[in-house]
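Chemist: Sequence unavailable; structure follows:
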């Protein structure tokens, strides 16, 4: 079993899930990244996804039958200022993994965690057959990643997980829920004045706990149909304003909110809501962890930092 990007957010939670079940995992991490957590049943390797030979040699040593390709650039907002590295990591890095497996003739199944951002905007819940119209460099790189995975004759079976917004402990504070939670924890600790600058609070997002999300990844890889996309979502839209209210209700001190237009993103969709019918009906998955529990765990994570 191989997880690329195992030191990252979703990859790290997936590593927790698999090793807790007694699975031995080869875990790749960036050479220049944060040193990985020592974990039983995890064997860490530093691999540069943009170095084709490095990827080929690492695959040859492991010859994995199952690959969770979680490595990648994951931030929509940052992609507007760093389009080139976003494409390099998400597209060329994926190509090196898929092509390496094909060249080494490794009979593997590969999960590619894509994104709901590949869909065109809609005021309805998005199904997997909704038109694809990526509206950011990040979204375009994720669609290209899907195409790289599926466009390799003689290569491994690929499965696509189109994840909607997921959050939880250990998430980078560049993401909205984690950023809110860290600022609240810092204010409680006296490191900041009791006020928060915020961007667009009217956007509504389909929110899922990352631990539910990685359960979906495991099910898709184990039982999903090759080449088929599966939405990973709750089927419920939550306004960012309401998410912030849930967090503020748990704050230990009063906090003032200040709108900041500089925090608005280009092409920010007013609604991003998924239809989880396919993954529910075909694989038996549904989101189980309540929003309130995720918020509590996220706040506790930052309070202990």
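Modeler: Yes, it's here. Not measured: the values here are computed from a predicted model.

Chemist: any weak-confidence spans in the protein?
Modeler: Scanning the chain for pLDDT under 70 picks out 74-81, 265-267.

Chemist: can you map out the helices along it?
Modeler: Secondary structure of the chain (DSSP state H): helices at 9-20, 52-62, 76-79, 83-87, 93-103, 137-150, 176-188, 210-223, 240-249, 277-283, 291-303.

Chemist: Please tabulate these in TSV, including the columns mean neighbour count and distance to residue 164.
Modeler: For glycine as for every other residue, the C-beta is placed from the backbone atoms N, C-alpha and C. Formatted as TSV, the helices of the chain follow (neighbours: other CB atoms under 10 Å; distance: least, CB to CB, whole Å):
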stretch	mean neighbour count	distance to residue 164
helix 9-20	22	12
helix 52-62	16	29
helix 76-79	20	12
helix 83-87	17	19
helix 93-103	22	20
helix 137-150	22	12
helix 176-188	21	13
helix 210-223	21	9
helix 240-249	16	14
helix 277-283	16	11
helix 291-303	18	13
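
Chemist: so which of the ones you listed gets nearest residue 120?
Modeler: helix 137-150 (10.0 Å; CB to CB).

Chemist: Output the contacting helices and strands for the closest one.
Modeler: helix 76-79, helix 83-87, helix 93-103, strand 109-115, strand 157-163 (3 or more CB pairs under 8 Å, 6 or more residues apart in numbering; DSSP states H and E).

Chemist: what angle separates that helix from strand 157-163?
Modeler: Orientation check (axes from the mean of the first three to the mean of the last three CA atoms, to 10 degrees): helix 137-150 against strand 157-163 gives 160 degrees.

Chemist: In CSV: the helices and strands packed on helix 137-150, plus distance to residue 268.
Modeler: Output for these, formatted as CSV (distance: least, CB to CB, whole Å):
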stretch, distance to residue 268
helix 76-79, 9
helix 83-87, 17
helix 93-103, 26
strand 109-115, 15
strand 157-163, 18
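
Chemist: To residue 42, which of the ones you listed lies closest?
Modeler: strand 109-115 (17.7 Å).

Chemist: What strands line up against that closest one, and which way round?
Modeler: Sheet pairing here is set by DSSP bridges, and for strand 109-115 it gives strand 66-69 (parallel), strand 157-163 (parallel).

Chemist: of all the helices and strands packed on helix 137-150, which lies closest to residue 256?
Modeler: helix 76-79 (23.9 Å).

Chemist: State the number of residues packed around residue 238.
Modeler: 18 (other CB atoms under 10 Å).

Chemist: typed the wrong thing, it's residue 268
Modeler: Counted with other CB under 10 Å, the neighbours of residue 268 add up to 15.

Chemist: ok, now residue 43?
Modeler: Residue 43: 12 surrounding residues under other CB under 10 Å.

Chemist: What sits closest to it if chain neighbours are left out?
Modeler: residue 26 (5.2 Å; CB to CB, 6 or more residues apart in numbering).

Chemist: Quick check: the one you found vs residue 41, distance?
Modeler: From residue 26 over to residue 41 the distance is 10 Å, taken as CB to CB, to the nearest Å.

Chemist: returning to that earlier point: the residue nearest to residue 43 pairs with what?
Modeler: With DSSP bridges applied, residue 26 shows beta-bridge pairing to residue 2, residue 43.

Chemist: hang on, the earlier thing: including mean neighbour count, could the strands paired with strand 109-115 go into JSON lines?
Modeler: Output for the strands paired with strand 109-115, formatted as JSON lines (neighbours: other CB atoms under 10 Å):
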{"stretch": "strand 66-69", "mean neighbour count": "24"}
{"stretch": "strand 157-163", "mean neighbour count": "23"}
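
Chemist: Export the helices of the chain to CSV and append columns for distance to residue 118.
Modeler: Listed next are those as CSV, based on distance: least, CB to CB, whole Å:
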stretch, distance to residue 118
helix 9-20, 17
helix 52-62, 24
helix 76-79, 12
helix 83-87, 14
helix 93-103, 14
helix 137-150, 4
helix 176-188, 20
helix 210-223, 16
helix 240-249, 21
helix 277-283, 15
helix 291-303, 24
